[in-house]
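Asks: Below is the sequence, then the predicted model.
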Amino acid sequence: MVTSSDGPVTGAGASPDAGDASARTVLDEQDISRALTRITHEILERNRDAESLLILGIPTRGVSLARRIAERMSDVEGRPIVAGALDTTMYRDDLRLKPARALEHTDIPDDVDGKIVVLVDDVLFSGRTIRAALDALADLGRPRAVQLAVLIDRGHRELPIRADYVGKNLPTSLAEQVKVALVETDGCDTVSILQAVTGQGSAS
Amino acid sequence: MIKHLLSAGDLDRADAIRILDTAEELLGVASRPIKKLPTLRGRTVVNLFFEDSTRTRISFEAAAKRLSADVINFSAKGSSVSKGESLKDTALTLQAMGADAVIVRHQHSGAPHRLAQMKWTNGAVINAGDGTHEHPTQALLDAFTMRRHLAAEGEDGLEGKNVTIVGDVLHSRVARSNALLLHTLGAHVTLVAPPTLLPVGVEAWPVDTSYDLDSSLEKADAVMMLRVQAERMNASYFPSAREYSRRYGLDTARMNRLPDHAIVMHPGPMNRGMEITADVADHVRSVIVEQVTNGVAVRMAVLYLLVGGAPTDDSTDLEGTA
């Protein structure tokens, strides 16, 4: 269970909710499901030519979300659509600030050239991960367009980046942490806001 | 993670697996249209080669360049070393130029160790082969190649695999590094060599030894042939090349006795006709060329993990901000 992560999840050592009296659930399983279904339809509505769509999740939770969106898309379109994964670790701008971390899996199911790539992440925060993802994408080819879908937009952007599809806008203070838990990685689907305990700092 | 890579024995299982897993991801970079990652932009990697080398040097150079590092190649030939400059002074010069990583190949065992221990350089020291001692990145790329071919889905190590290493173990830094690393990863190593080409103290290594190649072929998952290092031999270690080849060379007949899944490896450079016949070297079961490809990915992983993050000085491990 990792927090506000605007990036690949490192073992931030956050113990599952245990005793976090200040944790407040903002989205439950149903809300997440509805948001993803809506995002799926918005993507298909905006891009009539679904053939040229390529859904890429940003590890870790973005990949799970991308797979769920691709599943819903397959149902609507009536043909199998697979989501890929794009690891941004090697392109991050904060590599020099932390010890080298393990890489996540990158899996690009199709040629990027000429495609409309939809990047999927769990939380949009500073925008730095997306900046790294755009750089990573540029090294893989030249997509026709890149769009961004996120489950939560919590504000506090540090770069001129915005999401095209947002599950929920969640105004937060910097002292708060947004926790996204998904069945694939955490065993349950919830999004909660957590008041950072003094001294703990913002993890991840 | 360790700061320097001096010996394959310094790697615990977790570190070794981390390097192999990272290499697995980096292997894909070679097949992309743009074979470059920006990760080490602005960092300087020095190739400090006191001894001849083709594949190790260009492999490290390619690895560093694919990570966008600046590479300075230094070879002892044509440098001030031929005027008698010491390792220390050479190292201090490189330090003054701000090397973030120094990759050392030296004819004397222990040279990289000394470079790292004496703190002549602040950068990470990576041993690219020292005398007859160690060659850890070769062991890593060998283990990586074996894992890709032999490990079942979901296995991260080499548990229960039998690896036979044949030939000039005495002069081979590759054999020593492989014995240590493969043991860490759970494989069972058998060294096969004439008695004269097994080092003193080999009984303390985590391996079995044998003088007979044929008896260890049937159960081998991988056979690694070592080059007979004539340039390091100052005495007669075996009667003739022909006799060596007959008893310890890998030919088609011997290869056919290997299990069907077994792979044939060689760290290069090969003496075709000596320790391995040309037929075997070019056979589909030989992964010798693949070893070279994997070498770049493994060295990228090592460079990234040692140099890519924050300097691991004794500074407190602060958690960064998001």
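Replies: Perfect, I can see it now.
Asks: which residue sits closest to the most centrally placed residue in chain A in space, ignoring its chain neighbours?
Replies: Of all residues in chain A, the one closest to the mean position by CA atoms, centre = their mean is A:Asp121, 1.1 Å from it. Excluding its sequence neighbours, the residue lying closest to A:Asp121 (CB to CB, 6 or more residues apart in numbering or on different chains) is A:Gly62, at 4.1 Å. C-beta here means a position set from N, CA and C on the backbone, and glycine is covered the same way.
Asks: how about the one you found, phi and psi?
Replies: Taking degrees, to the nearest 10, you get phi -60, psi -30 for the backbone angles of A:Gly62.
Asks: which residues sit in contact with it?
Replies: A:Ala85, A:Leu119, A:Val120, A:Asp121, A:Asp122 (CB atoms under 8 Å, 6 or more residues apart in numbering or on different chains).
Asks: returning to that earlier point: against chain B, how distant is the residue nearest to the centre of chain A?
Replies: Taking CB to the nearest CB, to the nearest Å as the measure, A:Asp121 falls 13 Å from chain B.
Asks: where's that residue relative to A:Ile161, distance?
Replies: Using CB to CB, to the nearest Å, one obtains 11 Å as the distance from A:Asp121 to A:Ile161.
Asks: what's the overlap in contacts for those two?
Replies: Between them, A:Asp121 and A:Ile161 share the neighbouring residues A:Ile130, A:Leu148, with contact defined by CB under 8 Å, 6+ apart.
Asks: can you list the domains in chain B?
Replies: The record assigns chain B these domain ranges, following automatic domain parsing: B:8-135+B:293-307, B:136-288.
Asks: roughly how far is the last one from the heart of the chain?
Replies: Using CA atoms, centre = their mean, to the nearest Å, we find the averaged C-alpha position of domain B:136-288 to lie 13 Å away from the chain's own average C-alpha position.
Asks: average pLDDT for it?
Replies: Here domain B:136-288 scores 94 as its mean pLDDT.
Asks: Any part of that domain near chain A?
Replies: No. With CB under 8 Å from any CB of the partner chain as the measure, domain B:136-288 is seen stopping short of chain A, the closest distance being 12.2 Å.
Asks: Repeat that for the first one.
Replies: Yes. In terms of CB under 8 Å from any CB, part of domain B:8-135+B:293-307 sits within range of chain A, namely B:18, B:21-22, B:25-26, B:28, B:32-34, B:36-39, B:304-307.
Asks: can you pull out the helices in chain A?
Replies: Listed in chain order, the helices of chain A (DSSP state H) span residues A:29-46, A:61-77, A:128-140, A:183-186.
Asks: Now the longest one: average pLDDT?
Replies: In this model, helix A:29-46 has an average pLDDT of 96.
Asks: What segments of chain A are strands?
Replies: With DSSP state E applied, chain A shows strands at A:24-27, A:53-57, A:84-85, A:116-124, A:145-153, A:165-169, A:176-181, A:190-195, listed in chain order.
Asks: most tightly surrounded among the ones you listed?
Replies: Mean neighbour count, computed with mean count of other CB atoms under 10 Å in any protein chain shown, is highest for strand A:116-124 among the strands of chain A, reaching a mean of 27.
Asks: So what touches stretch B:219-230?
Replies: For stretch B:219-230, contacts defined as CB under 8 Å, 6+ apart pick out B:142, B:146, B:149-150, B:161-169, B:171-172, B:174-175, B:178, B:190, B:217, B:241, B:244, B:250, B:258-259, B:261-271, B:274-276.
Asks: Between the two ends of stretch B:218-232, how far is it?
Replies: In stretch B:218-232, first residue to last residue: 32 Å (CA to CA, to the nearest Å).
Asks: in it, what's buried?
Replies: Applying a neighbour-count criterion of 16 or more other CB atoms under 10 Å in any protein chain shown, the buried positions in stretch B:218-232 are B:Ala220, B:Asp221, B:Ala222, B:Val223, B:Met224, B:Met225, B:Leu226, B:Arg227, B:Val228, B:Gln229.
Asks: Pull the most distant pair out of the residues you listed.
Replies: In the buried residues of stretch B:218-232, two members sit farther apart than any others by CB to CB. They are B:Asp221 and B:Gln229, at 25.6 Å.
Asks: so B:Glu51 makes contact with B:His108?
Replies: No. Proximity of B:Glu51 to B:His108 does not meet the contact threshold set by CB atoms under 8 Å, at 9.3 Å.
Asks: So these two - more neighbours on which side?
Replies: For B:Glu51 versus B:His108, neighbours defined as other CB atoms under 10 Å in any protein chain shown are more numerous around B:Glu51 (20 against 14).
Asks: re earlier: turn the domains of chain B into TSV, including distance to A:Ser33.
Replies: Below are these laid out as TSV (distance: least, CB to CB, whole Å):
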stretch	distance to A:Ser33
domain B:8-135+B:293-307	31
domain B:136-288	30
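Asks: okay if I get the strands of chain A as CSV plus distance to B:Ala63?
Replies: Conversion of these to CSV gives the following (distance: least, CB to CB, whole Å):
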stretch, distance to B:Ala63
strand A:24-27, 44
strand A:53-57, 26
strand A:84-85, 24
strand A:116-124, 29
strand A:145-153, 30
strand A:165-169, 39
strand A:176-181, 36
strand A:190-195, 41
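Asks: Tell me which of those sits nearest to B:Gly84.
Replies: B:Gly84 sits nearest to strand A:84-85 of all the strands of chain A, at 54.7 Å, using CB to CB.
Asks: circling back to that earlier point, list the contacts for the residue nearest to the centre of chain A?
Replies: Applying CB under 8 Å, 6+ apart, we find A:Asp121 in contact with A:Gly57, A:Ile58, A:Arg61, A:Gly62, A:Leu65, A:Thr129, A:Ile130, A:Ala133, A:Leu148, A:Ala149, A:Val150, A:Leu151.
Asks: my guess is the last one meets A:Arg34, correct?
Replies: Pointing back at A:Leu151 there. No. Using CB under 8 Å, A:Leu151 makes no contact with A:Arg34, being 11.5 Å away.
Asks: what sits in contact with each of these two?
Replies: Residues within reach of A:Leu151 and of A:Arg34 at once, by CB under 8 Å, 6+ apart: there are none.
Asks: Pull the number of nearby residues for the residue of the stretch 151-300 of chain B found nearest chain A.
Replies: Closest approach of the stretch 151-300 of chain B to chain A (CB to the nearest CB) occurs at B:Met300, with a separation of 9.8 Å. Counted with other CB under 10 Å, the burial measure for B:Met300 works out to 30 neighbours.
Asks: Next one: the residue in chain B that chain A sits nearest to from B:Leu197, what distance?
Replies: Closest residue of chain B to chain A, CB to the nearest CB: B:Gly309 (3.3 Å). Separation of B:Gly309 from B:Leu197 (CB to CB) stands at 41 Å.
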